[in-house]
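Undergrad: Quick one: sequence plus predicted model below, questions after.
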Amino acid sequence: MPLSGIELSAGIVVGGNKPVDAKFGPYASTAAALADIGSTLRYKGLTVGIENAGQVVEYWFRNGVANADLVEKITPLEATNIIGLSDFIVAAAPGLSITTTTHIADGLTDTYSVNGLASADPSHVLVSLNGVTQNPGTDYMVNFATGKIIFDGYPSANQQIVFTALGLRSVQRPLDPTLYLYAFAQSVNGLTTYSGRLLNANRPAAPALPETATTWTIRRTTLNAAGRVLSTASAIGSWANRESLSFQ
């Protein structure tokens, strides 16, 4: 079905070094763009350029043609392509509590302490021995009062025991994913990962980069050569100094 309007059989050659569509700008500010592009000239998806610190940042009328609908255009990133600081936005699951505790069996102990127990139901704790998942209620039980897991036997010496306690915190409002930036980095050997969160309210004023802020909340996860989690810890500090911070 042919499109309505004027169809061109060849590309447009423009002599000037500027966009073909004059509505693109670039403009000195969003206010200037809105003033220049009247409501009758707007449409969903219309993209304009806004000059910022010597660069042109693309904005578009994403959800409508009102002034408030002109927002910065953010290109989605593939998780596999994320290296270091990234501008992708993530949401947090409200109320979900996940706590991991790791022990190395000595062959003489069948009871181990677990952090984050929220219930006496053994199904609320995922347990693995050297990566093999155990059956709740059969292979282990929960003593909620003492915060411990009791195995039905003695795990063999040097086995790695990983407890993942699942629970629900008290009801809380969901975090608005537009309020913070999220960053991810990995060590050269791939055994240490860092994930950081920075509230937009704590971002330093331009032209300073977000990673220079001193209020990043950073989580560090350490794996062994087999890819099992050995430890997790957190710290607050600059993203650029994540490797030298004091993690607890």
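TA: Done, it's in.
Undergrad: Now do the contacts for the spatially closest residue to Leu46 that is not a sequence neighbour.
TA: Of all residues not flanking Leu46 in the chain, Phe61 sits nearest, at 4.8 Å (C-beta to C-beta, 6 or more residues apart in numbering). Every C-beta, even on glycine, is put in place using the N, C-alpha and C of the backbone. Phe61 sits next to 42-46, 69-70 when contact means C-beta atoms under 8 Å, 6 or more residues apart in numbering.
Undergrad: which one among those residues gets closest to Thr109?
TA: Asp69 (61.8 Å; C-beta to C-beta).
Undergrad: What is the burial count for that closest one?
TA: Here the number of neighbours of Asp69 (other C-beta atoms under 10 Å) works out to 14.
Undergrad: what does Thr146 give?
TA: Residues contacting Thr146 under the criterion other C-beta under 10 Å number 12.
Undergrad: Same check on the one 3 residues further on?
TA: For Ile149, the count of nearby residues is 26 (other C-beta under 10 Å).
Undergrad: likewise Ala213?
TA: For Ala213, the number of neighbouring residues by other C-beta under 10 Å comes to 19.
Undergrad: One more: Ile37?
TA: Ile37 is surrounded by 20 other residues when neighbours are defined as other C-beta under 10 Å.
Undergrad: do the same with Asn189
TA: The number of residues near Asn189, taken as other C-beta under 10 Å, comes to 8.
Undergrad: Tell me the secondary structure at it.
TA: Put simply, Asn189 is coil when judged by DSSP: H, G, I helix; E, B strand; the rest coil.
Undergrad: Tell me how the chain divides into domains.
TA: Described in terms of automatic domain parsing, the domain architecture of the chain consists of the residue ranges 22-72, 79-92+175-244, 96-168.
Undergrad: Going by neighbour count, which residues in the worst-scoring helix or strand of the chain on mean pLDDT are buried?
TA: The least trusted helix or strand in the chain, going by mean pLDDT, DSSP states H and E, turns out to be strand 180-186, with a mean of 78. Applying a neighbour-count criterion of 16 or more other C-beta atoms under 10 Å, the buried positions in strand 180-186 are 180-185.
Undergrad: before we move on, what about stretch 125-133?
TA: Taking 16+ other C-beta under 10 Å as the basis for neighbour counts, the residues of stretch 125-133 that come out buried are 125-127, 129.
Undergrad: Val114: which of these is nearest?
TA: Nearest to Val114 among those: Val125, at 6.6 Å, using C-beta to C-beta.
Undergrad: Do a quick rundown of the helices in the protein.
TA: In order along the chain, the chain carries the following helices (DSSP state H): 30-36.
Undergrad: where do the strands sit along it?
TA: 47-52, 55-61, 70-72, 96-104, 111-113, 125-129, 132-133, 140-143, 148-151, 160-168, 180-186, 192-199, 216-223, 229-237 (DSSP state E).
Undergrad: Report the distance from the third one to the chain centre.
TA: Taking the mean of its C-alpha atoms, strand 70-72 sits 22 Å from the chain's own mean (C-alpha atoms, centre = their mean, to the nearest Å).
Undergrad: any idea of the mean pLDDT in that strand?
TA: Averaged across strand 70-72, the pLDDT comes to 87.
Undergrad: One more: the fifth one?
TA: Averaged across strand 111-113, the pLDDT comes to 92.
Undergrad: helices or strands up against it?
TA: With contacts taken as 3 or more C-beta pairs under 8 Å, 6 or more residues apart in numbering; DSSP states H and E, strand 111-113 sits against strand 96-104, strand 148-151.
Undergrad: repeat for the last one
TA: Helices and strands touching strand 229-237, as assessed by 3+ C-beta pairs under 8 Å, 6+ apart, comprise strand 96-104, strand 216-223.
Undergrad: Low-confidence stretches in this structure?
TA: Along the chain, the parts satisfying pLDDT under 70 run over 1-16, 74-97, 168-180.
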